[in-house]
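Engineer: whatever this is, show me its structure:
(one chain, ligands or ions: 2)
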Amino acid sequence: MPRLAANLTMMFTEVPFLDRFEAAADNGFTAVEFLFPYEHRPEEIAERIQRHGLEIALFNMPPGNWAAGERGMAAIPGREAEFARNAGIALAYARTLGVSRVHAMSGITRGLDPVECRNTFIANMRVACDMFAADGITILVEALNTRDVPGYFVAHQEEAAELCAAVERPNIAVQFDLYHAQIMDGDLTRLAEQLNGRFAHVQIASVPERHEPDTGEVDFGHMLKVLDQLGYQGFVGCEYNPRNGTVAGLGWTRPWLGG
Ligand SMILES: O=C(O)[C@@H](O)C(=O)CO
Ligand SMILES: [Mg+2]
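Structural biologist: Ligands and ions are numbered 1, 2, ... in the order given. Presented below is the predicted three-dimensional model:
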């Protein structure tokens, strides 16, 4: 049975960030995820988690200047020191929050030398993996679709898996976002079978609109069963923009969350 995690960057945005934890718990979630916690002290977030009996499935390292269009820097030559600093910031949050998966975004590398980017990515990820290993934390690599994020370093699931292998560390894995995967790769059942054992987090949303996963071109009831059959024990992040309000759109979660 997949364990759903509400993505608090996209869901429950009707209330301020710190109040989204209560909203998620009230609606049956026992786990949450979010992109960036850094506007809040880790202790404030830890208090919400404890108060509402939640677990945090995942969050991202600082991504650089998000508003200016930056999407991480793991593969961007010349930003190694900033990457390592950001890894340190994320590690402090992960420790306080008891989180065991942290996503390190690769960056927009369009126009840069691909070999240099790959070497930078591998070296940076080795640094991050080694920093997080003692705490039992896995670093995640996500492929993003080129329509939403043109020029991102990793666009296909097999590329993400191959890069993880090239890092040669036990605590790195693919963040298998089925929304991006459907847009770029398709054939999701066979893809999940091929990648089985190499992903440590899953995310879902309808395609192409990125709304609730009960609409659109992918049958997520089927995909969640496939993940079950493959023995996937991790979380499934609900990373979508609710169509008409978060709570109004939660009907699809009933078979998975109960209620
Ligand atoms: O799929 C996404 O957009 C996120 O999981 C993410 O981390 C980068 O925006
Ligand atoms: Mg995602």
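Engineer: which residues of this protein lie near ligand 1?
Structural biologist: 35, 60, 103, 142, 177, 180, 203, 239 (C-beta under 6 Å from any ligand atom). Bear in mind the C-beta positions are built from the backbone N, C-alpha and C, glycine included.
Engineer: does the nearest residue to residue 43 once chain neighbours are set aside count as helix, strand or coil?
Structural biologist: Excluding the flanking residues, the one nearest residue 43 by C-beta to C-beta, 6 or more residues apart in numbering is residue 96, at 6.5 Å. For residue 96, the assignment made with DSSP: H, G, I helix; E, B strand; the rest coil gives helix.
Engineer: for residue 96, which residues are in contact?
Structural biologist: By C-beta atoms under 8 Å, 6 or more residues apart in numbering, the contact set of residue 96 is 42-43, 45-46.
Engineer: ok, and the closest non-adjacent residue to the residue in the stretch 51-200 of the chain that ligand 2 sits nearest to?
Structural biologist: Relative to ligand 2, the nearest point of the stretch 51-200 of the chain is residue 177 (3.6 Å; C-beta to the ion). Spatial nearest neighbour of residue 177, excluding adjacent residues (C-beta to C-beta, 6+ apart): residue 203 at 4.1 Å.
Engineer: quick one: the one you found and residue 255, what's the gap?
Structural biologist: For residue 203, the distance to residue 255 equals 19 Å [C-beta to C-beta, to the nearest Å].
Engineer: ok, those two, which is more surrounded?
Structural biologist: Per other C-beta atoms under 10 Å, whichever of residue 203 and residue 255 has more neighbours is residue 203, with 24 against 11.
Engineer: the more buried one - that's part of a helix, no?
Structural biologist: No. Secondary structure of residue 203 (three-state DSSP): strand, not part of a helix.
Engineer: ok, it touching residue 234?
Structural biologist: No. Residue 203 lies out of contact with residue 234 (C-beta atoms under 8 Å); the separation is 10.8 Å.
Engineer: and the lengthiest helix in the chain, which residues are buried?
Structural biologist: Longest helix in the chain by number of residues, with DSSP state H as the criterion: helix 114-133. The neighbour-count check on helix 114-133 (16 or more other C-beta atoms under 10 Å) flags 117, 120-122, 124-126, 128-129, 131-132 as buried.
Engineer: what bits of the chain have low per-residue confidence?
Structural biologist: Residue ranges of the chain with pLDDT under 70: 258-259.
Engineer: all strands for it, in order.
Structural biologist: 3-7, 31-33, 55-60, 101-103, 138-142, 172-177, 199-204, 235-238 (DSSP state E).
Engineer: who's in contact with the residue in the stretch 51-200 of the chain that ligand 1 sits nearest to?
Structural biologist: Going by C-beta to the nearest ligand atom, ligand 1 is nearest to residue 177 of the stretch 51-200 of the chain, at 4.7 Å. Shown in contact with residue 177 (C-beta under 8 Å, 6+ apart): 142-144, 202-204, 237, 239.
Engineer: what's the neighbour count on residue 200?
Structural biologist: 23.
Engineer: you'd agree it is up against residue 235?
Structural biologist: No. Assessed by C-beta under 8 Å, residue 200 is found out of contact with residue 235, at 9.3 Å.
Engineer: which of the contacts of residue 96 fall in helices?
Structural biologist: Per DSSP H, the contacts of residue 96 map to helices at 42-43, 45-46.
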